[in-house]
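>>> Structural data only, the sequence is not supplied:
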C-alpha cells in the first residue's frame, strides 16, 4: 500500500485545481435550495454540467484517503495516521459549528454574469456587491488541508523508500510464509501452493522496515510437485528487498541475537 501516496498526491493536486469551482458549485446549490430560483437552477446546470462527474470522482478518492489513513494505524506510519485523523475530525467539527451567512455563500458561489428573477434574492446580490464578505480565513482553511495531506504523503514515501536512518546493521536469519493460486491460460484454478521464503537481514530502519536478502524459497504444499520450480521462479522475481520487520519470523542464535 506504499505506492498509494503517489496517486493521492496527484488527487490532491487535482483537488486544488478544481476546489474553487467545487466550492462555487456547492454554495450555488445551497442558495438554490433556499430560494428556489429558476434562473439559478439553469445557471448551475449550464455552468457545471461537464464538471459534476469530476467533482464526484474527486470526492470518492478523498474518501479513500481517509480509509487509507485508518488502515495506516496498523503500519509503521501510524503516528501520521493519528495526526491526520485528528486534523480531519477538527475540520469536521469546525464545519459543523460554523454558521455561514447568506452573504458569504453568495461570495463563495461566485455568480458571475448571473441575473435572478427572485426580488428578495436580487436585493441580497446587490447588497453583496456593496459589502463584500471576507473569505480569507475560509480560503486559508480550504487550501491548507490538501497541502497538509501532500506533505503527509511525501513524508510516507520518503521514509519508506529512503529509510536513511538504520538503527541496526546485522545478519539475522529469518523467514516468512505465503500462498499463491496457480491458474491456467483459461483462468481455471490449478490449485493453491504454500511456500516459505528464507531471508537474511542486511539493515533495520527507524520506520519499522528491514532490508533483506533472499536466501531461498521452499514450496511446502501444492497439488502438483511439477509446478514447484515454476512457483519458485515466479516468487523470486516478485521478491522485495524491503519488508516490515514484524512480517518476518527471526531465528535467534548466539551469532545473530538482537541487541
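Received the coordinates, thanks. All values reported here derive from a predicted model rather than from experimental measurement.

>>> Show me where the stretch 1-150 of the chain dips below the pLDDT cut-off.
1-2, 76, 98, 100, 117-120, 126-135 (pLDDT under 70).

>>> for it, what spans make up the helices?
Secondary structure of the stretch 1-150 of the chain (DSSP state H, counting those that start in this stretch): helices located at 4-35, 38-48, 52-71, 78-97, 102-109, 119-130, 136-161.

>>> which one of these has the most crowded surroundings?
Comparing the helices of the stretch 1-150 of the chain by mean neighbour count (mean count of other Cβ atoms under 10 Å), helix 102-109 comes out on top with a mean of 19. Glycine gets a C-beta too; all of them are placed from N, C-alpha and C.

>>> Now do it against helix 38-48: the angle between them, please.
Helix 102-109 runs at 30 degrees relative to helix 38-48, counting by axes from the mean of the first three to the mean of the last three Cα atoms, to 10 degrees.

>>> Low-confidence ranges, the stretch 151-259 of the chain, go.
159-170, 252-259.

>>> which stretches of it form helices?
So, for the stretch 151-259 of the chain - with DSSP H, counting those that start in this stretch - the helices run 228-238.

>>> mind listing the strands for the stretch 151-259 of the chain?
All strands of the stretch 151-259 of the chain, identified by DSSP state E, counting those that start in this stretch, fall at 166-169, 173-183, 189-205, 209-221, 242-244, 249-251.

>>> Same list (those strands) but as TSV, adding mean neighbour count and distance to residue 148.
Below are the strands of the stretch 151-259 of the chain laid out as TSV (neighbours: other Cβ atoms under 10 Å; distance: least, Cβ to Cβ, whole Å):
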stretch	mean neighbour count	distance to residue 148
strand 166-169	12	28
strand 173-183	14	35
strand 189-205	17	25
strand 209-221	16	25
strand 242-244	15	26
strand 249-251	13	37
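
>>> Roughly how far does the residue nearest to residue 239 when sequence neighbours are not counted sit from residue 227?
Excluding the flanking residues, the one nearest residue 239 by Cβ to Cβ, 6 or more residues apart in numbering is residue 214, at 5.0 Å. Distance, residue 214 to residue 227, using Cβ to Cβ, to the nearest Å: 20 Å.

>>> ok, now residue 89?
50 Å.

>>> again, but for residue 121
72 Å.

>>> Any chance of the helices of the stretch 1-150 of the chain in CSV with distance to residue 222 as columns?
As requested, the helices of the stretch 1-150 of the chain are arranged in CSV below (distance: least, Cβ to Cβ, whole Å):
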stretch, distance to residue 222
helix 4-35, 32
helix 38-48, 56
helix 52-71, 31
helix 78-97, 36
helix 102-109, 62
helix 119-130, 72
helix 136-161, 33
